[in-house]
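>>> Sequence first, predicted coordinates after that:
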Amino acid sequence: MKKNIWGIILFLWVGALFLPGSALAHRVILFAWVEEGMVHVEGGFGSDKPAQNCDIKAFGKNQSLIFTGKTDAAGRLSFKVPGGHTSDMVLELAAGPGHKGTWTIGAEEFEAVQAPPEPNESPQHKALEKGADPLKILAGIGVIFGLALGVGLLRKKSKGSFHD
Amino acid sequence: MHISEGVLSGPVLGAGAAFTLGCTTLGLKKINYDQMVHVAILASAFFVASLIHVNIGPVSVHLILNGVVGLLLGLAAFPAILTALVLQSLLFQYGGLTALGVNAVIMAVPAVMVHYLFLPLLGKSPALTFTGGFLAGLFSICGSCLLLAGALWFTDEQFLKTSMAIVTAHVPVMIIEGIITGFCISFLVKVYPEILPRKIRS
């Protein structure tokens, strides 16, 4: 009986030694960042094992779900920053029961994305500042006068033939 | 003031194109050979005026001069403005080609209206001529803004705020355009009265 108790204790001790290791092997690692208006997510199980085809959920203000998607074969997913999103974004990767990883992207990372471009820096404004090509302006005026001349001649001709 | 490609709905674009086609045909019929040079000069002025941009606060606005064109040409303003808009769209990408009909309606309808409203004021006295020109410039821009707002609103009711912002942003342009049109008309009547329609000169 005493031998059995020692056996059980030894078994539990050895098991306890291995348990954290196995838990560590299946721990989900999730990393996300914002770049050029896109949220990039990368998930894995450590030691170069990507989290393939795993559900990704993005939560915004008040835990509201703002995006869902699946990781690719490399454990990656990219999506456009939802319009008007300026709060913290919590990303959650679910890789089966008990395997969940989260990552929070701070609100400050979205402020730069959502800020409207300065009026003086917008492409339209730059195009306007560049000004119109004088040659094109002259060409336009030439076309207008050419058309007027053409219509005028046609009108005169038709008037002449009418009087004939 | 130029509406770009892909903003307006199909029915609004179609209605604008049909209206422009009808009015341009009528306008072309109204033009006589002697008037052709005036049409070309005013169409060129309209074509160039839109390229001159002035910064007012955070927005950039440009002269339109549809008041001058409309006041002096009447219904013939339609082909003149349409030609200038086509060239602006092709050469400078101002406004979309599919939105040409609507853009022509926005610019030309108020222009034709000011011709019938304010032409009788011209040539009577310098003060009345300037007033006629000023009112023509002011009301043509005001009418264009309202038509632009209407086109956007008919496309989507969510454009209401944008429409109101456009009208507000153009209030200074209305006044500037009024003053410039007033001086332009006063100068033209003084140095080249032949540009006025015959019914006013006689």
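That came through fine. Residues are numbered from 1 along each chain as shown, chains lettered A, B, ... in the order given.
>>> What is the neighbour count of A:Pro134?
Neighbours of A:Pro134 under the rule other CB atoms under 10 Å in any protein chain shown: 8. C-beta: built from backbone N, CA, C; applies to glycine.
>>> which residues of chain A fall in strands?
Applying DSSP state E to chain A gives strands spanning A:29-35, A:38-44, A:55-59, A:65-70, A:76-80, A:89-94, A:100-105.
>>> B:Thr25 is nearest to which of those?
strand A:76-80 (47.1 Å; CB to CB).
>>> Show me what the closest one pairs with in its sheet, parallel or antiparallel.
Note on strand A:76-80: by DSSP bridges, its sheet partners are strand A:38-44 (antiparallel).
>>> For the partner strand, which residues meet the burial criterion?
For strand A:38-44, the neighbour count (16 or more other CB atoms under 10 Å in any protein chain shown) marks A:Val39, A:Val41, A:Glu42, A:Gly43, A:Gly44 as buried.
>>> Strands along chain B, start to end?
For chain B, applying DSSP E gives strands covering B:53-56, B:59-62.
>>> pLDDT averaged over the first one - what is it?
If I follow you right, that is strand B:53-56. Average pLDDT, strand B:53-56: 68.
>>> Then the last one?
For strand B:59-62, mean pLDDT rounds to 67.
>>> Redo the buried residues of strand A:38-44 as CSV? Include pLDDT.
Listed next are those as CSV, based on pLDDT from 0 to 100:
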residue, pLDDT
A:Val39, 88
A:Val41, 89
A:Glu42, 87
A:Gly43, 86
A:Gly44, 84
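>>> Specify which member of the residues you listed is nearest to chain B.
Distance to chain B across those (CB to the nearest CB) is lowest for A:Val39, with 26.6 Å.
>>> who touches the closest one in this structure?
With CB atoms under 8 Å, 6 or more residues apart in numbering or on different chains as the criterion, the residues that contact A:Val39 are A:Ala32, A:Trp33, A:Ala58, A:Phe67, A:Ser78, A:Phe79, A:Lys80, A:Val81, A:Met89, A:Leu91, A:Ile105.
>>> B:Ser9 versus the third one, what's the distance?
Distance, A:Ala58 to B:Ser9, by CB to CB, to the nearest Å: 33 Å.
>>> Neighbour count: these two, which is higher?
Legend: neighbour count by other CB under 10 Å for A:Ala58 and B:Ser9, higher for A:Ala58 (24 against 13).
>>> Please name the nearest non-neighbouring residue to the more buried one.
Closest residue to A:Ala58 apart from its sequence neighbours, by CB to CB, 6 or more residues apart in numbering or on different chains: A:Phe67 at 3.9 Å.
>>> Equivalent analysis for A:Lys57, please.
A:Glu92 (4.7 Å).
>>> Show me where chain A dips below the pLDDT cut-off.
Applying pLDDT under 70 to chain A flags residues A:1-3, A:7, A:10-26, A:46-47, A:112-131, A:159-164.
>>> The residue nearest the centre of chain B and B:Ile185, how far apart?
Nearest to the mean C-alpha position of chain B, by CA atoms, centre = their mean, lies B:Asn66 at 2.5 Å. Note on B:Asn66: its distance to B:Ile185, by CB to CB, is 13 Å.
>>> same thing with B:Pro172?
B:Pro172 sits 20 Å away from B:Ile185, going by CB to CB.
>>> and what of B:Ala84?
Note on B:Ala84: its distance to B:Ile185, by CB to CB, is 19 Å.
>>> now swap in A:Val34 and tell me
For A:Val34, the distance to B:Ile185 - CB to CB - is 56 Å.
>>> ok, back up a step: check whether the residue nearest to A:Lys57 really touches A:Leu65, as I assumed.
No. The criterion here is CB atoms under 8 Å, and A:Glu92 misses it with A:Leu65 at 9.7 Å.
>>> what's the burial count for B:Glu194?
B:Glu194: 9 surrounding residues under other CB under 10 Å.
>>> actually A:Gly83, not the one I typed
Counted with other CB under 10 Å, A:Gly83 comes out at 7.
>>> Also B:Ile195?
17.
>>> With the one 3 residues further on instead?
Here the count is done by other CB under 10 Å, and B:Arg198 has 10 residues near it.
>>> B:Leu26 now?
A count of nearby residues for B:Leu26, using other CB under 10 Å, gives 14.
>>> How about it, nearest residue that isn't a chain neighbour?
Among residues not flanking B:Leu26 along the chain, B:Leu75 sits closest, at 5.7 Å (CB to CB, 6+ apart).
>>> ok, the one you found to chain A distance?
15 Å (CB to the nearest CB, to the nearest Å).
>>> same thing with B:Leu148?
Look at B:Leu148 and chain A: by CB to the nearest CB, they are 17 Å apart.
>>> Surely that residue is in contact with B:Ile3?
Yes. Applying CB under 8 Å, one finds B:Leu148 in contact with B:Ile3, separated by 7.0 Å.
>>> Common neighbours of A:Glu92 and A:Leu65, please.
With CB under 8 Å, 6+ apart as the test, A:Glu92 and A:Leu65 both reach A:Lys57, A:Ala58, A:Phe59.
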